[in-house]
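1. Next comes the sequence, and after it the predicted model I'd like to discuss.
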Amino acid sequence: MCSLPMMAQEENMGFHQALKTKFIEGNAGFMSLVAIALIVGLAFCIERIIYLSLSEINAKKLMQDIDQKVTAGDVEGAKDLCRNTRGPVASICFQGLMHIDEKLDDIERSVNGYGTVQAANLEKGCSWIKLFIAMAPSLGFLGTVIGMVMAFDQIQQAGDISPTIVASGMKVALITTIFGIIVALILMVFYNYILSKVEHLTSQMEESAVTLMDIIAKNK
């Protein structure tokens, strides 16, 4: 029974050691650049995921509460409710309630304009994630080219096409490419998850804006 955890620990150590070995074999300079692209890209992804998760609320429940307060004539209470609720949906509703005494066209124009600003805030930082998704495989391919150049330099110095010399240079080239593609795939998964959350929040904002306009028009 005691040997099973020890075997698992040895396997884990073997994986980490193999990963470290491949990292060194793939030219530590280029591999470090790929690793930095992964770390910085993940940092942007985590920041966006946290921000978007905190922005999600029960929009239908919020709109029901706003409807009840506006119907009861408690516009200030509806404003306080929006002010004390996080997220872009509440911000858009607060913006609309701030102009509730104006014409419907003016209210709609104000809500739509503020909604555009909030939608831009949701996508903030996504361009950097796309940059690192493109950069990671590019750095890997650059390492591939450098590795091939090193292989040809070694062949030239040796004056002979030895399979060992060619294999060592090509090994460096392929390892950097593999790591670059892996990093890009990891960041791509996070990026698509972020886009799905942005689309969900955007649809919530649009639906809530329409509902708010109906509430205001009903109580005009």
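-> Right, received. Where do you want to start?

2. Distance from whichever helix in the chain runs longest to the middle of the chain?
-> Determined from DSSP state H, the single longest helix within the chain is helix 163-218. Remark: helix 163-218 is offset 6 Å from the chain centroid, using CA atoms, centre = their mean, to the nearest Å.

3. helices and strands around that helix, which ones?
-> On a contact count with 3 or more CB pairs under 8 Å, 6 or more residues apart in numbering; DSSP states H and E, helix 163-218 meets helix 3-25, helix 28-55, helix 59-71, helix 88-98, helix 104-122, helix 126-158. In short, each C-beta sits where N, CA and C put it, glycine included.

4. Which residue, neighbours along the chain excluded, lies closest to the residue nearest the centre of the chain?
-> In the chain, the residue lying closest to the centroid (CA atoms, centre = their mean) is residue 45, at 3.5 Å. Distances taken as CB to CB, 6 or more residues apart in numbering place residue 190 nearest to residue 45, at 3.9 Å, with adjacent residues excluded.

5. wait, doesn't that neighbour sit right on residue 126?
-> No. At 10.6 Å, residue 190 does not count as touching residue 126 under the criterion of CB atoms under 8 Å.

6. Okay, the residue nearest to residue 45 and residue 213: tell me how far apart.
-> Computed as CB to CB, to the nearest Å, the residue 190 to residue 213 distance reads 35 Å.
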